[in-house]
Structures are given as structure tokens and as C-alpha cells.
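Novice: Turn this into a model:
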Amino acid sequence: MSYRALLAIGCNEYSELGPLRGAEADARAIFDSLMKPGAGDYDVNRSNILLSPLLSEVRGALKNILFDNGRLDTLTISFAGHGGIAGGSFYMAMRDSRLGALSATALSLADLLRMIAEAAPRQTYIIIDACQSGGVISDLGVILKSETMGRFGTPGVTILATAASDQAAVEIAGHGVGTLAILACINGDEFIQDSSPALDLVEIGRVVSERVSSAGGQVPVVWGLNLYGPAGFCKNPHSGMGNAPLRSVLDGWQDFQVVASLRSAMRSLWEPYVSIGSKWDARLFCTALEAVLNSFDERGEVARVDLIRRIGVACAAQASESNDQFREIEVRAACIVAMLPYSGSIEVDEYLSEACEEVAILAKSALERAVEAVGRYQYALVTGGLADLYYLPVRLTKLLGWAGYVVHCQKDLNNLMDLKCFVESIFSKIFENYPVALVSVSDSQAPFVVSIATAAFHLGLHEQAERMLGHLFMTAGDCGAQVAKADIDSGQVLHYLMCRHSGGTIEADLVARPTELVLAIMRLSRLFDLDEEFDLDLADLDHVSLLGYLPSEFSNFGGEHVPGGTNVIFTIGQDVWTVSDIEKLWPLTVTKESTGVRLSALLACLLFPDRTPWFLLDEIIFSRTCATG
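Specialist: The predicted structure is shown next:
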């Protein structure tokens, strides 16, 4: 149950006063806007709308809301209709009100404030769109009595009147201009702030006053008393647009229809955005990006590319707050992967190619800094604790995998010698400082191993690749290929390590069965003539199941679930007995996708290491097969 109630009153019809055209429409619009799910959080059972009511009906509704249903934290009352000042007090005229007898036939603000003072909701918001409504100031003494001010239970009250005490309230397009300005703030068409999740009527009133008074004709008045800290008239539609860099994504956009459709979608990006520097979740970030990109409908790929570039810049700035050298790289990679579903157009494919190159430059720089850090301090990549027995091997293969990405992205730039020295330095530091840490521990290592091994093949770094694969194969054999699942929960890592150390069978829910890592190691061995050597030890992996997933296309390769692909499964000792047996049965295919799409698919594997870039290996094998006839 919500302890928030809304009463909206609109009076068009009068027995003795002239009729109005837009008051009831104002009441409906305020009521509908605030009662939307997630807008005002007002209790539908305690809230009411009254259209051209009698004074007795209004008093009955107030009695019911204020006194007959228990605790009330927040009350909002809006009134649109005739208003006037008589005897030094402001009155709201109902259908049976008489101009010469307002004190007896209309609702005075003073009486309303007395009811509120007695019922004492923590916060009350009053909106009055009526002529002379600025006269409400004269009635504030009722709530500002010295004997009640500051005592526990003293209600907070905020009043927004849309016209000064000597002004008429103007209507336009079937609504009061004051109400239209208020609705723009509630619905988010008018930006107020993005630093808090709720809007207060005082800050809305300031914006309404500026907007309405600048148009001429009337000057709204706002007054507020808040004794209980942050108040919430309604939800802030711009909460989640937060820091200026993210909000600036929409600055200067020429297509206002696009901006309107993007505003709501951009809110889904807020939580992942603010978490970039602290608790990074690539999947949540990509999911939010997908929602934003999908909001474009069919407005064209040029605009979508423009948007993702803007988001990339804003989020990269947020990533700079992280201590993780790869945070900006992964953020930019996520932006690229989110665009894969739109590949195939010239504009998107050009973006993918250019953005992948930018990521490669950043990754190369980050890897060089990592090498320098290890050079200064041997254990720079160690965080400390038993968990490093698991996470350090993953971390090392991840660094190597990103080095492989740099090679695959830049190997056509006639700088192979520079790249060879670059990758060789990374291998050298790892072999020198972490000689026993290149261990097979998780299936999440598979994409990184494929990336670096195929890159090493292109660079002629056979000795380094052989040493890496030898370590990985030996340690996989030592545990009977019981490597952890790619998505093992961090809370289960220590238990997995203890089970593995004991040398027994590890629980099935911790282990990758079938395993893509062991299949990757075995298939890669043929590039470096290790296959016959590995064949000698396959008896230790008897009945181990191997898995390779081949996507039918790359457009969905960054999704949480990749539909339409093919699972290639082998069991050692049943389907295959040697590494060459695997190659004979492997459905060798070569992708015809553009370079940008291929590199984006590789980024998807590095970002979400539960999928493997088999196409990198298949391209090499296909080329060798063609070369030998």
C-alpha cells in the first residue's frame, strides 16, 4: 500500500459563474500524468479526480483522503477553475459557488490548510491554476503559526500558483498555460536536473515560473515549506541521464523526434553508465545499449552510427575513473559489439572497421604499460590471495588474447616486425615472471588462447606459442580436463580450486562439460606441429567431451544467446582418437564477412568469453589447405 494520495479537481461548469473550457482537461492531464506507473507512485485506491464538483463533494473527498484511511505521508491537490480573493483570503470556486458569497460557497485555501495541519501528512503539494491564484500567499499564516512551526509532525507544504494575485490565468490549446508548463516538467519535456531520482514542486515551480512569465501575461508564484529533508512530488524523468557527458549525447541533435524517442531509452543506460568506473558488467551495458539503438526504429544507419559514437565518447570519459587499464577498451568494445546486429550497411561496416582500429590502438598502449609495470615490479599482475591460483592464469591469457586482437587488427598495416617485437615482449615477461601460471583453469580462456595462438602463427612466434600450448595442454591433462565453466560464480572459485587440488572428481556444476578450451588447445597444436606429441597423452583425456560452437552469422554474435549456430561435439576415445581425427570431422568454413565484422566478432569473444573465434583458426587451415592443393 502506498501512503501517497492525489486529488485532482477541474471545474468547467458553474451554476452562477461563466463556464471554462480547459479546467477539466487540466485536471485529467495532471491526474493521468502523475498516476502513470513510475511517475508519482500515488495510491490508485486513495486518489481521486473530481470534474465540475459541488463544494460538498470536494469536502467529502478531502475528509476521506485526509481522515478516513489511516496514515498519509504525501498529499497532492491540484485545482483548475475559477479563483478569486475575498476578505483577504483566496477561494477556489466549485460548480455551486457564488461570486458574492465565496466564503460560504467556495473552498478557501485557509480552510484547506487547516485540514492539512490537523491531518498532518508529512508533505503536501498544492497546485492552483486559476485567476488571482497568487493570492494564496495571504493564507499562509494558517500553516505558519508560531505554536506549530518546527514541532514534530508539522506538515511540509508547497504551493504552486500559476498567476499573480492581480492576474488572470490564460488558456491555450484547451489547457491552462500554467498546467502545460507543469506537465512538461512531469513528463520530462522540460529538463530540470538529473542529480536526484525525484522532483520537488519548488524546483518545478521555478522552471514553470520562468517559462510562463517569459511568454507574458501571467507570473506563477511558488512557495515551499519542507521540514523533513528530500521530498518527492514525482519521479524525475531525467534521473539516469546523470553526468553531463552522458546527457550531452543528445545535445545538438537536429531530429527532435529522435531525441524524444531516445530520452526514455537512454534512462536504461544510466545504471550501467554510472557503474563503469566501479562495478563493470559488460552484459548489462550491452543490453542497455541494445535498448537505446533499437529505439531508432527505421531512422537510418547514419544516425545510429552517430549515436553510438557519441555514447562511446561519453562512456569512455566515465571509464577514465576506473583503475582498470582495460576498462575504456572494454567499454568501447561493447559499443562496437552492440552495433553488430546492424552490420551489412556501408555506414555501419565502416564504423566497425574504424572503431576496431581505435580499440586496437588503445589495447596496444594498455598492454605496453602492463609490460612496463611487470618490468618495474615482478608481481604487478598479482592481486594476492588464494584466488590468484585461478584468476592469474585467466588474467595472463586475457592479456595475451588482447595482444592477439591487436595483431589481427593491424597485421595488414605493413608493421609485422613491430607487432612481432610487441607480442614477443609480452610472452617474454610472462615466461620470465609467471612461468608456472599459464595453467588451464577455465573454459573462458578459450577465446583468448585462439586469438593469441593464431596471431603468433602469423608473426612466426612458433616457439612462444608452442610453450604456451604445452603448458595449457599439460595442466588440462593433469586435472582430467576438468576446467571450470566459463561463467563459474566467484563464490565457487575457492571450492573449485580445493577440489582440483585434491585430485578427485569435481562437481559437475563447476566444470565445463563439454569443454571448448581443451578443443582449442588440441586444434591449435596442428599449427605448430604439436599434434603428434599431444596424441601420446590423449589416453589421460579418455571420454572427455569437446565442444565447438559455430555461429551461422555474426550479426548476433554479441548477444547473450546466439541463435542459429551449430554445436560440434566430439568425445575422445569414442569419436576421435587423435588430433587429426578432429580436423577430419571439423566442418571447415571460411567467413565472407567484412574485416570490420570479423574483428567485431573477435571483440565479442574477448568481451564475452563463453564463445570462441574459431574462424581465426579456420582461415589459416583453409589457406594452408589451398596452398598444398
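Novice: my guess is Met35 contacts Ser47, does it?
Specialist: Yes. With contacts defined as C-beta atoms under 8 Å, Met35 counts as touching Ser47 at a distance of 6.5 Å. C-beta coordinates here come from the backbone N, C-alpha and C atoms, glycine included.
Novice: For the two, indicate the residue with more neighbours.
Specialist: Comparing Met35 with Ser47 by other C-beta atoms under 10 Å, the one with more neighbours is Ser47, at 20 against 17.
Novice: What distance do you get for the nearest residue in space to the more buried one that is not next to it in sequence to Ser451?
Specialist: In this structure, Ser47 finds its nearest non-sequential neighbour in Leu6, 4.1 Å apart by C-beta to C-beta, 6 or more residues apart in numbering. Distance, Leu6 to Ser451, using C-beta to C-beta, to the nearest Å: 58 Å.
Novice: quick one: which of these two has more around it?
Specialist: Using other C-beta under 10 Å as the criterion, Leu6 and Ser451 rank with Ser451 on top: 28 against 23.
Novice: tell me the contacts of that one?
Specialist: Ser451 makes contacts with 400-402, 404-405, 408, 602, 605-606, 613, 616, as judged by C-beta atoms under 8 Å, 6 or more residues apart in numbering.
Novice: Output the longest helix belonging to this protein.
Specialist: The single longest helix within the chain, with elements called by DSSP state H, is helix 346-376.
Novice: And that helix, what's buried?
Specialist: Applying a neighbour-count criterion of 16 or more other C-beta atoms under 10 Å, one finds 348-349, 351-353, 355-357, 359-360, 362-364, 366-367, 370-371, 374 buried in helix 346-376.
Novice: quick one: the helices in the stretch 101-250 of the chain?
Specialist: For the stretch 101-250 of the chain, the helices defined by DSSP state H, counting those that start in this stretch occupy 102-105, 109-119, 177-187, 201-215, 244-247.
Novice: Quick check: which of the ones you listed is buried the most?
Specialist: helix 177-187 (a mean of 23; mean count of other C-beta atoms under 10 Å).
Novice: Looking at that one now, give me its mean pLDDT.
Specialist: The pLDDT scores in helix 177-187 average 90.
Novice: Could you do stretch 312-322 as well?
Specialist: 84.
Novice: Just the CA atoms of that stretch, as PDB, please.
Specialist: What follows is stretch 312-322, C-alpha atoms only, in PDB (Å, rounded to 0.1, in the frame of the first residue of the first chain):
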ATOM      1  CA  GLY A 312      31.200   5.700 -26.800                       C
ATOM      2  CA  VAL A 313      32.900   9.100 -26.200                       C
ATOM      3  CA  ALA A 314      30.700   9.800 -23.100                       C
ATOM      4  CA  CYS A 315      31.200   6.300 -21.600                       C
ATOM      5  CA  ALA A 316      34.900   6.300 -22.300                       C
ATOM      6  CA  ALA A 317      35.100   9.500 -20.200                       C
ATOM      7  CA  GLN A 318      33.300   7.700 -17.400                       C
ATOM      8  CA  ALA A 319      35.700   4.700 -17.800                       C
ATOM      9  CA  SER A 320      38.700   7.000 -17.100                       C
ATOM     10  CA  GLU A 321      37.600   6.900 -13.400                       C
ATOM     11  CA  SER A 322      38.400   3.200 -13.200                       C
END
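Novice: buried ones in it?
Specialist: Within stretch 312-322, the residues scored as buried using 16+ other C-beta under 10 Å are 312, 314-319, 322.
Novice: Distance from it to the middle of the chain?
Specialist: Relative to its parent chain, stretch 312-322 has a centroid offset of 14 Å by C-alpha atoms, centre = their mean, to the nearest Å.
Novice: Which neighbours do Met35 and Ser47 have in common?
Specialist: With C-beta under 8 Å, 6+ apart, Met35 and Ser47 have common neighbours Leu6.
Novice: The residue nearest to Ala512 when sequence neighbours are not counted - how many residues pack around it?
Specialist: Nearest non-adjacent residue to Ala512, counting by C-beta to C-beta, 6+ apart: Asp443, 3.7 Å away. As a burial measure, Asp443 scores 27 neighbours (other C-beta under 10 Å).
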